[in-house]
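Colleague: Predicted structure and sequence below. I'll ask about it afterward.
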Amino acid sequence: MAEKDRKTKRYRVATQGVRAGQVRTQFREHSEPIFLTSSFVFESAEQAAAGFSGDSGDYVYSRFTNPTVATFQERLAALEGAEACVATASGMSAILSTALALLRSGDHIVCSTAVFGATVQLFGTILPRFGVETTFVSPTRNEDWKKALRKTTKLLFLETPSNPLTEISDIAGLARIAKAAGALLVVDNAFCTPALQKPLELGADLVIHSATKYLDGQGRVLGGAVLGPRKIVTDQVFPFLRTAGPSLSPFNAWVILKGLETLELRVRAQSASALEMAAWLEKQPGVARVFYPGLPSHPQHALAMKQQQAGGAVLSFELKGGKKAAWRLIDSTELVSITGNLGDVKTTITHPASTTHGRISAEARAAAVVTDGLVRLSVGLEAVEDLKEDLARGLA
Ligand SMILES: *Cc1c(COP(=O)(O)O)cnc(C)c1O
């Protein structure tokens, strides 16, 4: 990579978000260009042969590599403090690519019960067809992870804070457990992003992103990434990706790349608003309980503040009146969006029990404490007073 880029490695997150990874073309453009091209041309047959063998490092075909995608990868790697990054078409294809690149029939995964619904489906129902089994354990009880380990355990997988209850997993503690077992700790960092949490610094082996969430931050495109050491990401995940094909489109890479420029600013501001909303909700008479890691009332507040820079922008709360009260609150809003997506600058409101967590069994939902009165809020960038007024109506 260019000399300018290497120099950005010493800069802080906000600076890297704006600067890292850019390689200017001969036209000396200021903003990063989009290379919407599926293939690249060569000067000669010999150069083409060298390109295809991978020896020259030349761009060949955008399923393998593309300059816009490469800029996104470099920038995110700088932000996470990772040696290497491969971009994927979505968050789920990042998780699928990691599993298929690193596992074989007979291998075992230990996974938090509180991960994204599609991750539960992938590990719980699709991978078993290929001989890979998963044991689901509590995100917060390290001893349960230890007990679930087998000789064949290759991956430990978690998200922290969890969705929608914002439970915090102890990344450093679980990294030690993984290491002792000869397994890799994989952390899905979609909720905190490197603006608030750097799992690799805490001992995790790999970081997964759904770039669809905060990295884009404006709800426009799908994307994902896998980050970690070169010997895993470049040597194992990338060869799978370039063959199997869930690659990130250059257009989406460009959109997310521009999203990274405002990542720190957005996440910090949204986090500050979420803290204010959480403290306000805690005082509302119709609210039984608020789940937000930035509140001192959160059972793992101390751990959250140790491994995160702030509480994040997602919170949930339990209404005293159950499902009726939850739906009434949601239906009385005029400003916030009723949608399952999160991580947007637009605030979104969800009733997890009947939407994002609607497909899992009532028992599993009860185990995850996703009750009928629970409402999830992904706090955006609107004025906090407007958000309070929007919710106050339905809480009255
Ligand atoms: C949304 C999400 C995913 C899946 O990402 P897609 O881009 O929708 O495929 C994975 N993990 C977490 C934590 C998510 O929020």
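Modeller: Received it, and whenever you're ready, just let me know what you need. Numbering: from 1, shown residues only.
Colleague: Show me what the mean pLDDT comes to for stretch 137-156.
Modeller: The average of the pLDDT scores along stretch 137-156 is 97.
Colleague: from the chain's centre, how far out does that stretch sit?
Modeller: 21 Å (Cα atoms, centre = their mean, to the nearest Å).
Colleague: for it, which positions count as buried?
Modeller: 137-140, 142, 144-145, 148-149, 153-156 (16 or more other Cβ atoms under 10 Å). C-beta coordinates here come from the backbone N, C-alpha and C atoms, glycine included.
Colleague: Tell me which residues are up against that stretch.
Modeller: 98-99, 102-103, 106-114, 135, 158-160, 162, 167-170, 173-174, 177-178, 181, 183-186, 300 (Cβ atoms under 8 Å, 6 or more residues apart in numbering).
Colleague: In strands, which of the residues you listed appear?
Modeller: Counting by DSSP state E, the contacts of stretch 137-156 place 108-112, 135, 158-159, 184-186 in strands.
Colleague: so which of those residues also contact the ligand?
Modeller: Applying Cβ under 6 Å from any ligand atom, the subset of the ones in strands among the contacts of stretch 137-156 adjacent to the ligand comprises E159.
Colleague: hmm, which two among the ones in strands among the contacts of stretch 137-156 are most spread apart?
Modeller: Farthest pair in the ones in strands among the contacts of stretch 137-156 (Cβ to Cβ) is H108 and E159. Separation: 19.2 Å.
Colleague: of the two, who's got more company?
Modeller: E159 (24 against 18; other Cβ atoms under 10 Å).
Colleague: how close does the nearest residue to that one once chain neighbours are set aside get to P239?
Modeller: Spatial nearest neighbour of E159, excluding adjacent residues (Cβ to Cβ, 6 or more residues apart in numbering): D188 at 4.3 Å. D188 is 22 Å from P239, where distance means Cβ to Cβ, to the nearest Å.
Colleague: in the stretch 201-350 of the chain, which spans are strands?
Modeller: 206-210, 224-228, 287-291, 314-319, 337-338, 348-350 (DSSP state E, counting those that start in this stretch).
Colleague: Of the contacts of stretch 137-156, grab the buried ones for ChimeraX.
Modeller: Buried residues within these, by 16+ other Cβ under 10 Å, are selected in ChimeraX with:
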select :98,99,102,103,107,108,109,110,111,112,113,114,135,158,159,160,162,167,168,169,170,174,177,178,181,183,184,185,186,300
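Colleague: Count the residues that sit near K283.
Modeller: By other Cβ under 10 Å, neighbour count at K283 equals 8.
Colleague: pLDDT wise, what is it at?
Modeller: 97.
Colleague: The longest helix seen in the chain packs against which elements?
Modeller: In the chain, assigned by DSSP state H, the helix with the most residues is helix 263-282. Judged by 3 or more Cβ pairs under 8 Å, 6 or more residues apart in numbering; DSSP states H and E, the packing partners of helix 263-282 are helix 13-19, helix 193-196, strand 287-291, strand 314-319, helix 384-395.
Colleague: Just name the most buried of the ones you listed.
Modeller: helix 193-196 (a mean of 26; mean count of other Cβ atoms under 10 Å).
Colleague: Can that one be said to contact the ligand?
Modeller: No. Applying Cβ under 6 Å from any ligand atom, one finds helix 193-196 out of contact with the ligand, separated by at least 10.9 Å.
Colleague: That helix - what's its average pLDDT?
Modeller: On average, helix 193-196 scores 98.
Colleague: Please save the CA atoms from that helix in CSV.
Modeller: What follows is helix 193-196, C-alpha atoms only, in CSV (Å, rounded to 0.1, in the frame of the first residue of the first chain):
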residue,chain,number,x,y,z
THR,A,193,-17.9,-0.8,16.2
PRO,A,194,-14.2,0.1,16.7
ALA,A,195,-15.3,3.5,17.8
LEU,A,196,-16.3,2.0,21.1
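Colleague: Now do that helix: everything it contacts.
Modeller: Counting contacts by Cβ under 8 Å, 6+ apart, the residues outside helix 193-196 that touch it are 13, 17, 76, 79-81, 209, 214-215, 263-264, 267-268, 271, 308-310, 312.
Colleague: same question, stretch 44-59
Modeller: 40, 42, 60, 65-67.
Colleague: Pull out the buried residues from those residues.
Modeller: Using 16+ other Cβ under 10 Å, the buried ones in the contacts of stretch 44-59 are 40, 42, 60, 65-67.
Colleague: and P299, how many neighbours?
Modeller: P299 has 12 neighbours, counted by other Cβ under 10 Å.
Colleague: Without its sequence neighbours, what residue ends up closest to T347?
Modeller: In this structure, T347 finds its nearest non-sequential neighbour in G380, 4.0 Å apart by Cβ to Cβ, 6+ apart.
Colleague: my guess is T350 contacts T333, does it?
Modeller: No. In this structure, T350 is not within contact of T333 by Cβ atoms under 8 Å, at 11.5 Å.
Colleague: Compare neighbour counts for the two and give me the winner.
Modeller: Taking neighbours as other Cβ under 10 Å, T350 and T333 compare with T350 leading, 27 against 16.
Colleague: Give me the local confidence score for the closest residue to the more buried one other than its chain neighbours.
Modeller: Nearest residue to T350, sequence neighbours excluded (Cβ to Cβ, 6+ apart): R376, at 4.5 Å. Per-residue pLDDT puts R376 at 97.
Colleague: before we move on, what about F52?
Modeller: We have a pLDDT of 87 for F52.
Colleague: what do you get for G117?
Modeller: 89.
Colleague: Distance check, the residue lying closest to it once chain neighbours are set aside against P161.
Modeller: Nearest residue to G117, sequence neighbours excluded (Cβ to Cβ, 6+ apart): T356, at 6.0 Å. According to Cβ to Cβ, T356 and P161 sit 15 Å apart.
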